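[1] here is my input; please provide its structure:
(2 chains, ligands or ions: 2)
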Amino acid sequence: MKIAVCISHVPDTATRIKIGSDRKSIDPNGVTYILNPYDEFAIEEALKTKEKSGADTVVYAISVGGETNKETIRKALAMGVDEGVLLKDDQPRDSFGIARALSEEIKSLGCEIVFFGKQSVDFDNSITGQLTAELLNYNCIPVVVDLKLEGNKVIAEREIEGGREVVETEIPVVITAQKGLNEPRYASLKGIMAAKKKNIAEKPAVAYSALTETIDMSLPPSKQPGRILGTDSSAVPELVKLLREEAKVI
Amino acid sequence: MANKVLSVIEQREGIIKKISYEAVSVGVSLAKELNLEFEAVVIGSEIEGLSNLGNYGAAKITHLKNADLHNFSSSAYSELTSNYAKEVNASVIILGNTSFGNELTPRIAVKLNSACIVDCINLTVEGDEIIATRPVYAGKAYIKSKLHSDVKIYTIRPNVFKAEKVSDQSPEIKVEEISNPNLKTKVVAYKKSEGKLDVAEANIIVAGGRGMKGPEHFNLIESLAEVLGAAVGASRAVVDAGWRPHSEQVGQTGKTVSPSLYIACGISGAIQHLAGMSSSKYIVAINKDKDAPIFSIADYGIAGDVFEILPVLTEEIKKIKS
Ligand SMILES: Cc1cc2nc3c(=O)[nH]c(=O)nc-3n(C[C@H](O)[C@H](O)[C@H](O)COP(=O)(O)OP(=O)(O)OC[C@H]3O[C@@H](n4cnc5c(N)ncnc54)[C@H](O)[C@@H]3O)c2cc1C
Ligand SMILES: Nc1ncnc2c1ncn2[C@@H]1O[C@H](COP(=O)(O)O)[C@@H](O)[C@H]1O
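    Numbering: from 1, shown residues only, chains lettered A, B, ... in the order given. Ligands and ions are numbered 1, 2, ... in the order given. Okay, here's the model as predicted:
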């Protein structure tokens, strides 16, 4: 069996964003890039699925982007993924372009179970997994917190507003991972050493012309600093009054 | 000729979700500005209160109906929505950015050979183009963008656009019976969190952080939430500690929320937390450290002890509510 896990290379969540001089992207100077936090859950689930399915299963980690995405692929290899694939494009792509490249590669590798993170913490689109599934004509269950694979059958619990849905479908399938699905393992020293020797295949991402166009990027309008009304409960009546009469929210 | 704005109505268990009124309002006003017709479509079995959507300007609603569509099915719903959009020549489609809209939108976009912009907080018409504004990097930046596809699909962030009553006319509701929906992927059960309001849907959120000192003190948060009709939220620190479930986590790796009022109790205001809640309309912070970063985005703050302040605040609100 072949399993794919698609991973993105994103600014550390602690990054303070500065707008780049083109006013269409962020200024990358001084930004540390990391493996997308949700993709750690995707990698863990891929590895667990492999462990349950037998020795001849291969897990591929695929990332679309520039040379530096190899750092993130290396991290996945250190966690235990078998093969890395960089679909290279030095220009940023929209989700449709990323999904297009991923779906071509997944098709040619023949992976029938594909894991994504629920969301990439850069553009926060939460759509790449669903787009890829649709392009491949695979079934798809997003935002999964519990997963069972029984033969061809897939039973997953996904998080929705106010509860969980239990969803059933069949392989071939795309699953997008939500926090809670598992506890991602740490890369062991042995894993890190082994990752250095593992292969990262590099191929150009299929050509694509963008369907979305960024016009402008800006910082959110800054808020007026608020008022500190006091240091103990004697400030409560004023707070309630302001919420009622000024903000009109209670 | 593509000539229509289509809003997709979300229902669960036969009840129309609040976001649907917002999606109708947005669709109606875009249609007016673009000089297009407007209609709404809903998929499901028995659905209550469809005609209320008329008040928000939906003069025509089509209900694609089948008993097997009572439960959500991404395969069936995405197929039916995209086929219907083709049938009526929709050029603009609006959905809510909820788990429903998030699952369907990309799939519909591919089926229609088009593209989408998700989680919009503003949609304006300039000339004959729609310009969408949305937060990226968890709200640390905003982008304006537009689509180059034939059909343009947008999802709107809940609670941001106003649902406006514009008419008291009853809509024309057309029911189309659907045969053999594609149920390849389907919901077989729905486990509702008991009686709890979800942070993603709440108008008011009372959130607690590590300053609450332990899970046993969250009753202070719950009591305040109860008198306000609010949902309970949490910082990642308390979720990681196992004091609260992950479904309550607000922030970059939790939920992004924009309620009318967000009350942060014993939360320091780390950048990842602010990312998830900074677009709330009003923010109140209660934190004993007057230099805590949460105060930099709070409208009102009390720099004091949550254990002393929360019970008084709850009592005070109880008084005005009774
Ligand atoms: C990849 C990544 C993703 C993350 N995602 C998220 C996320 O989605 N959401 C999130 O919240 N965090 C997230 N974080 C964590 C974030 O960086 C902070 O660690 C976390 O938000 C801190 O939670 P806190 O404010 O409850 O705790 P602390 O930072 O410990 O703050 C506790 C506060 O309580 C105050 N306090 C203490 N006692 C009292 C008292 N008696 N009365 C009043 N005030 C009191 C203190 O002054 C302090 O300000 C993420 C971190 C990383 C690395
Ligand atoms: N450039 C990329 N290369 C590979 N996978 C990606 C890329 N961007 C996003 N993904 C995957 O798609 C998921 C959702 O991303 P998004 O739709 O951008 O929020 C991520 O968690 C990754 O699993």
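[2] what sits against residue 154?
    Since you didn't name a chain, this refers to chain A. Going by Cβ atoms under 8 Å, 6 or more residues apart in numbering or on different chains, A:Val154 touches A:Asn139, A:Ile141, A:Leu147, A:Lys148, A:Glu168, A:Thr169, A:Glu170, A:Ile171, A:Val173, A:Ile175. Any C-beta I mention is one placed from the backbone N, CA and C, and that applies to glycine too.
[3] ah, no, chain B please
    The contact partners of B:Tyr154, taken as Cβ under 8 Å, 6+ apart, are B:Val92, B:Ile93, B:Ile94, B:Leu95, B:Cys116, B:Ile117, B:Val118, B:Cys120, B:Leu123, B:Ile130, B:Ala132.
[4] repeat that for 10 Å
    The contact partners of B:Tyr154, by Cβ atoms under 10 Å, 6 or more residues apart in numbering or on different chains, come to B:23, B:26-27, B:30, B:92-95, B:97, B:101, B:105, B:116-120, B:123, B:130, B:132, B:134, B:147.
[5] take the residues you listed and keep only those in strands.
    Using DSSP state E, B:92-95, B:116-120, B:123, B:130, B:132, B:134, B:147 are the members of those that sit in strands.
[6] what about the helices in the stretch 1-150 of chain B?
    Assigned by DSSP state H, counting those that start in this stretch, the helices in the stretch 1-150 of chain B fall at B:18-34, B:74-87, B:99-111.
[7] which strands and helices lie in contact with whichever helix or strand A:Gln130 is part of?
    Assigned by DSSP states H and E, A:Gln130 belongs to helix A:128-136. Helices and strands touching helix A:128-136, as assessed by 3 or more Cβ pairs under 10 Å, 6 or more residues apart in numbering or on different chains; DSSP states H and E, comprise strand A:2-6, helix A:95-109, strand A:113-117, strand A:139-150, strand A:173-177, helix B:74-87, helix B:99-111.
[8] separation between A:Arg244 and B:Tyr77?
    Between A:Arg244 and B:Tyr77 the computed distance is 42 Å (Cβ to Cβ, to the nearest Å).
[9] give me the more crowded residue out of these two.
    B:Tyr77 (25 against 13; other Cβ atoms under 10 Å in any protein chain shown).
[10] relative to the whole chain's centre, how far out is stretch B:228-245?
    19 Å (Cα atoms, centre = their mean, to the nearest Å).
[11] alpha carbons of it, as CSV, please.
    Extracted C-alpha coordinates of stretch B:228-245, given in CSV (Å, rounded to 0.1, in the frame of the first residue of the first chain):
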residue,chain,number,x,y,z
LEU,B,228,-24.8,36.1,29.5
GLY,B,229,-26.0,33.2,27.3
ALA,B,230,-22.4,32.9,26.2
ALA,B,231,-20.1,30.1,25.2
VAL,B,232,-17.1,29.0,27.2
GLY,B,233,-13.7,29.5,25.5
ALA,B,234,-10.2,28.5,26.6
SER,B,235,-6.5,29.3,25.9
ARG,B,236,-4.3,26.6,24.6
ALA,B,237,-2.4,26.4,27.9
VAL,B,238,-5.5,25.1,29.7
VAL,B,239,-6.5,22.8,26.8
ASP,B,240,-3.0,21.3,26.8
ALA,B,241,-3.2,20.9,30.5
GLY,B,242,-6.4,18.9,30.0
TRP,B,243,-8.6,21.3,32.0
ARG,B,244,-10.9,22.0,29.0
PRO,B,245,-11.7,20.2,25.7
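[12] all helices of the stretch 201-322 of chain B, in order?
    Going by DSSP H, counting those that start in this stretch, the stretch 201-322 of chain B shows helices at B:218-228, B:236-240, B:271-277, B:306-321.
[13] ignore what I typed, I meant chain A.
    For chain A, the helices defined by DSSP state H occupy A:37-53, A:69-79, A:95-109, A:128-136, A:189-197, A:236-241.
[14] now do the buried residues in the second one.
    Residues of helix A:69-79 classed as buried under the neighbour-count rule (16 or more other Cβ atoms under 10 Å in any protein chain shown) are A:Asn69, A:Lys70, A:Thr72, A:Ile73, A:Arg74, A:Lys75, A:Ala76, A:Leu77, A:Ala78, A:Met79.
[15] out of those residues, which is nearest to A:Ser209?
    A:Ser209 lies nearest to A:Asn69 out of the buried residues of helix A:69-79, by Cβ to Cβ, at 21.6 Å.
[16] what sits against that closest one?
    By Cβ under 10 Å, 6+ apart, the contact list for A:Asn69 reads A:7-9, A:33, A:35, A:62-63, A:84, A:86-89, A:200.
[17] can you flag which of those residues belong to strands?
    Mapping those onto strands (DSSP E) picks out A:His9, A:Tyr33, A:Leu35, A:Ile62, A:Ser63, A:Gly84, A:Leu86, A:Leu87, A:Lys88, A:Ile200.
[18] the second one: how many residues sit nearby?
    Right, A:Tyr33. Neighbour count of A:Tyr33, defined by other Cβ under 10 Å: 18.
[19] same check on the third one?
    Applying other Cβ under 10 Å, we find 24 other residues in the vicinity of A:Leu35.
[20] now it: how far from ligand 1?
    10 Å (Cβ to the nearest ligand atom, to the nearest Å).
[21] please name the nearest non-neighbouring residue to B:Lys290.
    Take B:Lys290 and drop its neighbours on the chain: the residue closest to it by Cβ to Cβ, 6 or more residues apart in numbering or on different chains is B:Ala303, 3.9 Å away.
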